[in-house]
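**Q** Give me a 3D structure for the following:
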Amino acid sequence: MRSFWSDPYLWIHLAGLAALPLFLDLCLVGFAMGDPLLPPWLEGVIVAIAGIAPILWMQWQRPFYIFSLPGLALQPESLSDGQRQLLSFFKAQQNRAGALIGAMIVFLLVRWAEQAAAIAAEVSPWATQSHLLGLLLATLGSLGLSLFLQVPISVFLVMLHRDDEVIAAPPYPLSRIRQEFSLLGLRVRQLLPPLERAAVGQSATAPVNTDLTIPGSRDVDQTPSLTLSPGHSEASAELTEITKPVSEGTIAEPSDIWDEVESETFEPEIAVSEGALPDALSALDEAAADLEL
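**A** Next up, the predicted model:
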């Protein structure tokens with residue numbers, strides 16, 4: 001996409017092509033009103049010339065000032081340098097050739113409307129109205145066809161230029177804009193919000209900041225630290241004295257603990273069992289002898 005395409009006035013006037021069907025219908029309705037006063041083909045030629053000639057003359061001599069809207073026109077002093085550079089291309093020879101092509105297209109459209117008027121008269125609710133009024137409406141339709149076709153053609157031809165061509169073009173002199181362009185409507189200082197034209201080749205993507213920083217935050221050392229109050233420091237000193245014997249090895253090893261438990265718990269039971277052992281053996285011998293008997 002070319003950088004100067006961001007200008008909204010170009011697209012507004014290019015979209016004027018959408019109004020062509022409305023003006024063509026107006027021509028058709030006008031020709032269908034009343035009975036012809038002249039041969040139909042002659043009326044079609046007169047209406048076509050009446051609508052084409054003013055717009056063709058304007059595009060050849062004083063091209064339409066595109067920085068405008070219906071009834072309003074932007075003051076030349078409010079134009080940016082880029083917009084004034086675009087104006088110089090509307091005075092080029094190719095725009096005059098485009099105006100001739102547009103005039104021929106309008107002539108064919110008006111002639112078609114004149115030939116189809118006989119069919120439209122059968123369904124038109126205004127078929128019984130004055131034919132002179134109908135010719136006036138057809139002329140207005142032809143004028144609208146010419147304006148809303150030739151201006152978009154000139155805009156389209158300008159949009160075909162390259163960025164380097166537009167940048168190299170000198171801005172159109174302010175003193176000559178009013179004399180060499182058709183400023184139609186009330187002159188105002190601003191119509192649409194201003195848009196700055198981006199530089200050619202400028203990247204449209206902005207660098208992404210990957211640092212997650214909370215606004216207003218300070219740089220904080222992320223290393224965890226422990227700070228004790230004076231009361232807590234005294235308690236920690238006492239705790240160190242209590243746990244100091246543990247670190248010095250005052251607790252016996254697990255094997256020593258089991259030796260003490262065995263010596264204190266199982267030795268008395270073993271002594272008792274050794275004293276009663278002979279009696280138990282003699283009792284077993286007697287029981288075995290009785291079983292043998």
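**Q** burial count for the closest residue to Phe64 other than its chain neighbours?
**A** In this structure, Phe64 finds its nearest non-sequential neighbour in Val151, 5.0 Å apart by CB to CB, 6 or more residues apart in numbering. To be clear about C-beta, it is placed using only N, CA and C from the backbone, and glycine gets the same treatment. If you count neighbours by other CB atoms under 10 Å, Val151 ends up with 23.
**Q** okay but Val151 is in contact with Leu10, surely?
**A** No - no contact is recorded between Val151 and Leu10 when judged using CB atoms under 8 Å, the distance being 10.9 Å.
**Q** Tell me the helix or strand right after the helix or strand where the residue nearest to Phe64 lies.
**A** For Val151, the element it lies in under DSSP states H and E is helix 131-159. Beyond helix 131-159 on the C-terminal side, the first helix or strand identified by DSSP H and E is helix 163-168.
**Q** May I see the buried residues of that next one?
**A** Under the neighbour-count criterion of 16 or more other CB atoms under 10 Å, helix 163-168 has Asp163, Val166 buried.
**Q** re the thing from before, name all residues that sit in contact with Val151 and Leu10 at the same time.
**A** Shared contacts of Val151 and Leu10 (CB atoms under 8 Å, 6 or more residues apart in numbering): Ile66.
**Q** residue ranges of the strands in the stretch 101-250 of the chain, please?
**A** Using DSSP state E, counting those that start in this stretch, the strands assigned to the stretch 101-250 of the chain run over residues 186-188.
**Q** Sketch out the low-pLDDT regions of it for me.
**A** In the predicted model of the stretch 101-250 of the chain, residues 194-250 satisfy pLDDT under 70.
**Q** and this protein, what are its domains?
**A** The chain breaks down into these domains under automatic domain parsing: 3-188, 231-292.
**Q** most tightly surrounded among the ones you listed?
**A** Scoring the domains of the chain by mean neighbour count under mean count of other CB atoms under 10 Å gives domain 3-188 as the most buried, with a mean of 17.
**Q** Now do it: distance from first to last residue.
**A** One end of domain 3-188 sits 26 Å from the other (CA to CA, to the nearest Å).
**Q** contacting residues around stretch 122-131?
**A** In this structure, residues lying in contact with stretch 122-131 by CB under 8 Å, 6+ apart are Val29, Ala32, Met33, Gly34, Asp35, Pro36, Leu37, Ala121, Gly134.
**Q** got CSV for these, with secondary structure too?
**A** Written out in CSV, the entries for these read as follows (DSSP: H, G, I helix; E, B strand; the rest coil):
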residue, secondary structure
Val29, helix
Ala32, coil
Met33, coil
Gly34, coil
Asp35, coil
Pro36, coil
Leu37, coil
Ala121, coil
Gly134, helix
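**Q** Among these, which pair sits farthest apart?
**A** By the measure CB to CB, the contacts of stretch 122-131 have their two most distant members at Val29 and Leu37, which lie 17.0 Å apart.
**Q** Let me know the next secondary structure element after the helix or strand Leu26 falls within.
**A** For Leu26, the host element (DSSP H and E) is helix 20-31. In the C-terminal direction, the helix or strand that comes right after helix 20-31 (DSSP H and E) is helix 40-61.
**Q** what residues does that following helix touch?
**A** By CB under 8 Å, 6+ apart, the residues outside helix 40-61 that reach it are 27, 30-31, 36-38, 64, 95-96, 99-100, 102-103, 106-107, 110-111, 113-115, 117, 135, 138-147, 150-151, 154, 182.
**Q** Recalculate using a threshold of 7 Å.
**A** Identification of contacts with helix 40-61 by CB atoms under 7 Å, 6 or more residues apart in numbering yields 36, 64, 95-96, 99, 103, 106-107, 110-111, 114, 135, 138-139, 142-143, 145-147, 150, 154, 182.
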